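Peer 1: let's see this in three dimensions:
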Amino acid sequence: MLIRRPERSEYDDRYTRYVALVQETDLAIALSDQLEKTLGFIRQLPSSRLDHRYAPGKWTLREVAGHVLDTERLFGFRLFCIARGDPVKHAVAEENTCVRNAEFRRYTLSDCLGNSSGYVGHTSRWYSICQRMLGIGGVWWETCR
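Peer 2: Here you go, the predicted model:
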């Protein structure tokens, strides 16, 4: 089942740049295809540069990687709630607070990836199942705002 690209009115402004970057028109395929590319890129980051900040107050590469993985967890949870018919509109996570409180510097990159790579793959498979079961379409995007 093909999920069309969402209309501009179906997602929050902060996601415009990211939606535009996705070339695939089927979200399940996009999730699956991007998984190994993203994890491969993160794995090749040199350890000597993981805690570098290009400017004061900006995130390190380790924090960016942690944020990407946390975002995957968050959207996986939202998908779970949608699939279970949870009517609650969930609050938006404030990314700077989340990254600061995560203290990603305490973890090695392999710890983060080892803990998350199975989860990230699981979200992709879960989306495919929900897509088939629920016929997720335009209404789905509205609940993610």
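
Peer 1: and the residue most central in space within the chain, what element?
Peer 2: Centroid-nearest residue in the chain: E72, 3.0 Å away (criterion: CA atoms, centre = their mean). When secondary structure is defined using DSSP states H and E, the element that contains E72 is helix 61-83.

Peer 1: and the next element down the chain from that helix?
Peer 2: Going down the chain from helix 61-83, the next helix or strand is helix 95-102, by DSSP H and E.

Peer 1: for the closest residue in space to C98 that isn't next to it in sequence, give its distance to P46.
Peer 2: Spatial nearest neighbour of C98, chain neighbours left out: D70 (6.2 Å); criterion: CB to CB, 6 or more residues apart in numbering. (C-beta placed from N, C-alpha, C; glycine too.) Look at D70 and P46: by CB to CB, to the nearest Å, they are 22 Å apart.

Peer 1: and for F104?
Peer 2: Between F104 and P46 the distance is 16 Å, computed by CB to CB.

Peer 1: looking at these two, which one has more neighbours?
Peer 2: Remark: of F104 and P46, F104 carries more neighbours, 23 against 8, as counted by other CB atoms under 10 Å.

Peer 1: and that one, what is it in contact with?
Peer 2: If a contact means CB atoms under 8 Å, 6 or more residues apart in numbering, then F104 has 60, 62-63, 65-66, 112 as its contacts.

Peer 1: now with 10 Å?
Peer 2: By CB atoms under 10 Å, 6 or more residues apart in numbering, F104 lies in contact with 50-51, 59-67, 69-70, 111-112.

Peer 1: check contacts around the residue lying closest to it once chain neighbours are set aside.
Peer 2: In this structure, F104 finds its nearest non-sequential neighbour in G66, 3.9 Å apart by CB to CB, 6+ apart. The contact partners of G66, by CB under 10 Å, 6+ apart, come to 42, 59-60, 98-99, 102-105, 107, 109, 112, 116.
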